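> Got a sequence here, can you build the structure:
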Amino acid sequence: MGTCQPDAEHDHKHGEEGHDHDHGSGDKDSHQKIIRLSDEAVKEEGIEVSPVGPGTLQISVSLPGEVAINADRMAHIVPRLGGIVREVRKKAGDTVRAGEVMAVMESRELAEAKAKYLAALKRLELAKSNYTRFETLWKKEAIPEKQYLEFKNALDEAEIERDSAEQKLRALGFLQEFLQKLSKEPADSLARYEIEAPFDGTVIHRHMSLGEMLKEDADSFVVADLNSVWVNIHVYPKDLSHVREGQQVIISTGNGIPDTQGTIEYVEPVVGDKTRAAVARVVLPNPEKKWRPGLFVTAKVVVESVDVPVLVPKTALKTIEGKPVAFVREDEGFEPRTVKTGKSDASHVEIVAGLQAGEWFASDGSFLLKAEAGKGEAGHEH
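Residues are numbered from 1 along each chain as shown. Below is the predicted model:
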């Protein structure tokens with residue numbers, strides 16, 4: 001493995017001759033002794049060298065948030081009619097398919113509605129038959145018009161009665177396909193009412209037990225599609241002017257779940273009375289169900305992109321004697337150079353003095369260089 005050492009001779013000459021070439025800092029103390037390191041040693045130590053140049057800072061603010069159920073994909077299921085629970089097939093945590101039966105009720109109200117509809121169909125059938133027969137007789141002038149009109153009115157009334165009974169069943173969620181099969185349904189099943197899943201999802205809550213008497217407005221199940229979730233970010237007044245729809249957000253939990261990126265889709269126009277914060281919402285895909293509703297998260301919202309003339313990774317800077325130092329590549333090694341920093345984001349920092357475009361610096365793996373620079377300082381003091 002290659003070795004490196006501070007160039008004391010270079011340091012001595014440098015001190016005698018002064019700073020004939022400025023690297024952008026204007027500070028004589030910014031130039032220090034060269035740390036000799038061969039190309040082979042640079043490679044062996046894993047030191048990465050990059051050119052000094054411009055870049056873009058992603059200025060962000062960190063805000064608290066919480067994973068929540070996507071309310072657009074959540075359903076509170078009510079039976080729409082009263083009855084006794086006869087079967088319970090699903091519990092909290094179970095997955096369901098659209099149309100799958102979750103529970104079965106016995107409802108007197110439903111039995112009466114079905115019976116009324118079936119009776120209306122029978123009366124309509126009879127009214128149609130009578131009307132057809134007496135219409136023929138009236139056209140042959142075998143009966144007076146008044147008698148014909150009586151049967152026509154009876155047909156109209158039967159149709160109205162059928163429509164009314166049908167609308168009652170439709171209001172309870174029964175579609176045309178069900179109504180067409182109803183006449184073939186056994187009489188002892190008229191009171192049977194099946195509660196079905198509205199879409200593919202997961203049972204979040206169940207609010208019924210076997211034998212329980214449910215009212216028509218009872219919340220029997222809560223079902224949610226967890227393939228996507230909301231992240232509700234709490235934005236306090238001091239940050240409201242920086243947060244808007246369309247901004248990129250990095251979501252993290254610190255619980256072993258990899259960070260993920262999303263976009264703010266909605267910002268509440270009001271501040272909550274209790275929280276004193278507005279909510280910014282991100283919709284996250286969640287096919288693996290890793291993002292569980294209720295998890296607390298940290299959201300880094302990118303509020304500004306800033307172009308700067310000199311940008312380096314934070315890993316490139318080391319603190320020596322309380323000052324930030326970059327290691328500039330020279331022909332014979334690396335020169336520790338004190339720099340002045342400006343704005344920064346999570347991974348990069350602006351250099352406002354100390355580095356110039358066209359120079360090369362150790363962008364990563366500079367721990368060895370810092371150690372050698374420290375040895376040189378100790379030797380100089382003694």
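> Show me what counts as buried in the helix or strand hosting Tyr131.
Assigned by DSSP states H and E, Tyr131 belongs to helix 108-139. Neighbour-count burial for helix 108-139, counted by 16 or more other Cβ atoms under 10 Å, picks out 109-111, 113-114, 116-118, 120-121, 123-124, 127, 130-131, 134, 138. Every C-beta, even on glycine, is put in place using the N, C-alpha and C of the backbone.
> Off-centre distance for the helix or strand following it?
From helix 108-139 onward toward the C-terminus, using DSSP H and E, the following helix or strand is helix 145-171. Centroid displacement of helix 145-171 relative to its chain, using Cα atoms, centre = their mean, to the nearest Å, is 53 Å.
> can you check stretch 211-226 too?
With Cα atoms, centre = their mean as the basis, the mean position of stretch 211-226 lies at 27 Å from the chain mean.
> Could you pull up the mean pLDDT of that stretch?
For stretch 211-226, the mean per-residue pLDDT is 92.
> In it, which of the residues would be classed as buried?
Counting neighbours by 16+ other Cβ under 10 Å, stretch 211-226 gives 214, 218, 220-226 as buried.
> thinking again about what came up before, ok and the helix holding Tyr131 relative to helix 145-171, angle-wise?
Angle, helix 108-139 to helix 145-171, by axes from the mean of the first three to the mean of the last three Cα atoms, to 10 degrees: 150 degrees.
> pLDDT averaged over helix 108-139 - what is it?
Summarised as a single mean, pLDDT over helix 108-139 is 87.
> helices or strands up against that helix?
strand 83-88, helix 145-171 (3 or more Cβ pairs under 8 Å, 6 or more residues apart in numbering; DSSP states H and E).
> and Met208, which of those is closest to it?
Set against Met208 and scored by Cβ to Cβ, those come closest in strand 83-88, at 5.2 Å.
> Low-confidence ranges, the stretch 1-150 of the chain, go.
Judged by pLDDT under 70, the stretch 1-150 of the chain has its weakly predicted residues at 1-32, 37-39, 41-42, 44-46.
> how does this protein divide into domains?
Domain segmentation of the chain under automatic domain parsing yields 5-54+309-381, 61-70+226-306, 74-224.
> Out of the buried residues of stretch 211-226, which two sit at the greatest distance?
That would be Leu214 and Leu226, which, of the buried residues of stretch 211-226, are the farthest apart (Cβ to Cβ) at 25.9 Å.
> just how off-centre is stretch 82-101 within its chain?
The answer for stretch 82-101 is 28 Å, by Cα atoms, centre = their mean.
> pLDDT of stretch 245-252, averaged?
Averaging pLDDT along stretch 245-252 yields 92.
> Pull the residues that contact it.
Applying Cβ atoms under 8 Å, 6 or more residues apart in numbering, the external contacts of stretch 245-252 come out as 60, 65, 231, 233, 259-267, 282, 284, 297-303.
> do the same with stretch 263-283
63, 70, 228-237, 240, 243-249, 251, 262, 299, 301.
> Now, those that are in helices?
Cross-referencing these against helices under DSSP state H gives 237, 240.
> Just the buried residues out of the contacts of stretch 263-283, in PyMOL syntax.
This is the PyMOL syntax for the buried subset of the contacts of stretch 263-283, where burial follows 16+ other Cβ under 10 Å:
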select buried, resi 63+70+228+229+230+231+232+233+234+235+243+247+248+249+251+262+299+301
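> Check the chain and tell me which residue is nearest its centre.
Geometric centre of the chain, nearest residue: Leu284, 2.1 Å, by Cα atoms, centre = their mean.
> would you say it is within a strand?
Yes - assigned with DSSP: H, G, I helix; E, B strand; the rest coil, Leu284 falls within a strand.
> wait, it sits on Asn232?
No - using Cβ atoms under 8 Å as the test, Leu284 is too far from Asn232 to be in contact (11.2 Å).
> for this protein, which strand is longest?
strand 55-69 (DSSP state E).
> list the helices and strands that strand packs on?
So strand 55-69, by 3+ Cβ pairs under 8 Å, 6+ apart, packs with strand 228-235, strand 296-308, strand 311-313, strand 340-344, strand 348-353.
> Give the next helix or strand downstream of it.
Downstream of strand 55-69, the first helix or strand assigned by DSSP H and E is strand 74-77.
> Which strands and helices lie in contact with that next one?
strand 221-224.
> Identify all contacting residues around the strand it packs on.
Contacts to strand 221-224, defined as Cβ under 8 Å, 6+ apart, come from residues 69-70, 73-77, 90, 96, 102-103, 195, 197-199, 201-208.
> can you put the buried residues of stretch 211-226 in a markdown table and add distance to Glu166?
Output for the buried residues of stretch 211-226, formatted as a markdown table (distance: Cβ to Cβ, whole Å):
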| residue | distance to Glu166 |
| --- | --- |
| Leu214 | 25 |
| Ala218 | 25 |
| Ser220 | 25 |
| Phe221 | 27 |
| Val222 | 30 |
| Val223 | 28 |
| Ala224 | 33 |
| Asp225 | 32 |
| Leu226 | 37 |
